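# From the sequence below, what's the structure:
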Amino acid sequence: MTIISNLTRREWLTTVGATALYHERTTSQSPNNTVIAASRDPLRGVLMIVATPYTNEKAIDYEDLAAEVEFLDQRGINGLVWPQYSSDLPYLTHEERLHGMEVLADASRDRLVSLILGVQGTNTDQMLEYANHATAVGCDAMIAMPPSEAHSIDDYREYYTALCHATDKPIFIQTTGGAADRVEPTVEFIIEMSERFPHFGYVKEEYGDTLARMKQFKVHRPNTIKRIFGGTRARAWTYEMRLGMDGTMTGGPQYPEVYTRLWQLHLENRQSEVRELFSQLLMITNLEQYVPGLRAYLMQQRGVFKTHIGRDANYTFSPDAIDEIDYVLQPLKSHFIA
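So this is what the prediction gives:
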């Protein structure tokens, strides 16, 4: 494990403060000479949930995990998030989570892409162990789902207060997961916590009427709420863009150029192009529901992963499934960087 105290990007994030995290970079270009992402604000735009790769023996392939960082950074992704549900969080052991944090911290060092480490736990003590490790290895921000053992808002308050005392990094709350199916993480609670702790005001909104909740948060941005992100596979992203939200946090590392291109088109107010490209993206996003293992399959096809093994299943792909993948992916390939 590498313990770090000063990193160029992370030191800069601390220096400029949570309310002024905007910076630009012109990145690599696609074959059609289109810049895929001129904006690289570390905590705005596309925050990609990193997929977890596996060996043929179903162990985590940490070499491929590190390669995924380079793949996503080179394609203009603003930030990396791991481990969350799209990273197979329920199937990861305690030791795998700790070592994965170390691998990602090392792989992202000195890159422009930010690193947001998931520190959620079943209770406060477990969460603090992950949070302290995230601090030790070095990250730009943390994210935590509610604790699964919680039974009240007061339990949430204790858990997130402890996290806020444990770090001065920006903290995202994901409003689903853990105990959220029985204890709503209310808008009022999140605003209260953001008023008490300025570095808490980052929201990944996935609970209930997400758009209505986002609009309530927006009233309090930027003084209390700092960033508002959607999730749920970015299915409402264009709506969220038009409402003025700050980006998406989603699991689509197999076609990162499409997400960064959409964000850039949005920043340039090229709405008809956003609509067309997003419609094409939704076709492949929809297909993921019907072709299990599609994400790992495409990561292997793109040369990032060695296998398309899943920890929870052995994925196979029929000839007609592969034909459908190729069919819906075809219009997106012009944006890919080899």
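
# So what's the residue count around Asp320?
8 (other Cβ atoms under 10 Å). Just so you know, the C-beta spots here come from the backbone N, C-alpha and C atoms, and that holds for glycine as well.

# my bad, Phe189
Using other Cβ under 10 Å, Phe189 is surrounded by 17 other residues.

# In terms of helix, strand or coil, where does Gln254 fall?
Following DSSP: H, G, I helix; E, B strand; the rest coil, the label given to Gln254 is coil.

# didn't Cys139 look like it was pressed against Val113?
No: counting by Cβ atoms under 8 Å, Cys139 stays clear of Val113, with 11.7 Å between them.

# the more surrounded of these two?
Per other Cβ under 10 Å, whichever of Cys139 and Val113 has more neighbours is Cys139, with 29 against 24.

# In what element of secondary structure is that one found?
Using DSSP states H and E, Cys139 falls within no helix or strand.

# all helices for this structure, in order.
8-16, 62-74, 94-108, 124-137, 153-166, 187-196, 210-218, 237-242, 256-267, 271-287, 294-301, 319-329 (DSSP state H).

# Which of those comes out lowest on mean pLDDT?
Lowest mean pLDDT of the helices of the chain: helix 8-16, a mean of 50.

# quick one on the thing from earlier: tell me which of the helices of the chain approaches Tyr85 most closely.
Tyr85 sits nearest to helix 294-301 of all those, at 12.4 Å, using Cβ to Cβ.

# Can you list the buried residues in that closest one?
By 16 or more other Cβ atoms under 10 Å, the buried positions in helix 294-301 come out as Leu294, Arg295, Ala296, Tyr297, Leu298, Met299, Gln300.

# now stretch 237-257
237-238, 240-241, 245-257.

# and that stretch, C-alpha only, in PDB?
Once non-C-alpha atoms are left out, stretch 237-257 reads as follows in PDB (Å, rounded to 0.1, in the frame of the first residue of the first chain):
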ATOM      1  CA  TRP A 237     -29.700  12.500 -18.000                       C
ATOM      2  CA  THR A 238     -30.900  14.900 -20.800                       C
ATOM      3  CA  TYR A 239     -33.800  15.900 -18.500                       C
ATOM      4  CA  GLU A 240     -31.300  16.500 -15.700                       C
ATOM      5  CA  MET A 241     -29.000  18.500 -18.000                       C
ATOM      6  CA  ARG A 242     -31.800  20.800 -19.000                       C
ATOM      7  CA  LEU A 243     -32.700  21.300 -15.300                       C
ATOM      8  CA  GLY A 244     -29.200  22.500 -14.700                       C
ATOM      9  CA  MET A 245     -27.800  19.500 -12.700                       C
ATOM     10  CA  ASP A 246     -24.100  18.900 -12.400                       C
ATOM     11  CA  GLY A 247     -23.700  15.600 -14.200                       C
ATOM     12  CA  THR A 248     -24.200  11.900 -14.000                       C
ATOM     13  CA  MET A 249     -22.700   9.100 -11.800                       C
ATOM     14  CA  THR A 250     -23.200   5.900 -13.700                       C
ATOM     15  CA  GLY A 251     -21.700   2.600 -14.600                       C
ATOM     16  CA  GLY A 252     -20.900   2.700 -18.300                       C
ATOM     17  CA  PRO A 253     -17.100   2.300 -18.600                       C
ATOM     18  CA  GLN A 254     -17.400   0.300 -21.800                       C
ATOM     19  CA  TYR A 255     -18.200   3.400 -23.900                       C
ATOM     20  CA  PRO A 256     -16.900   6.400 -21.900                       C
ATOM     21  CA  GLU A 257     -16.400   8.500 -25.000                       C
END
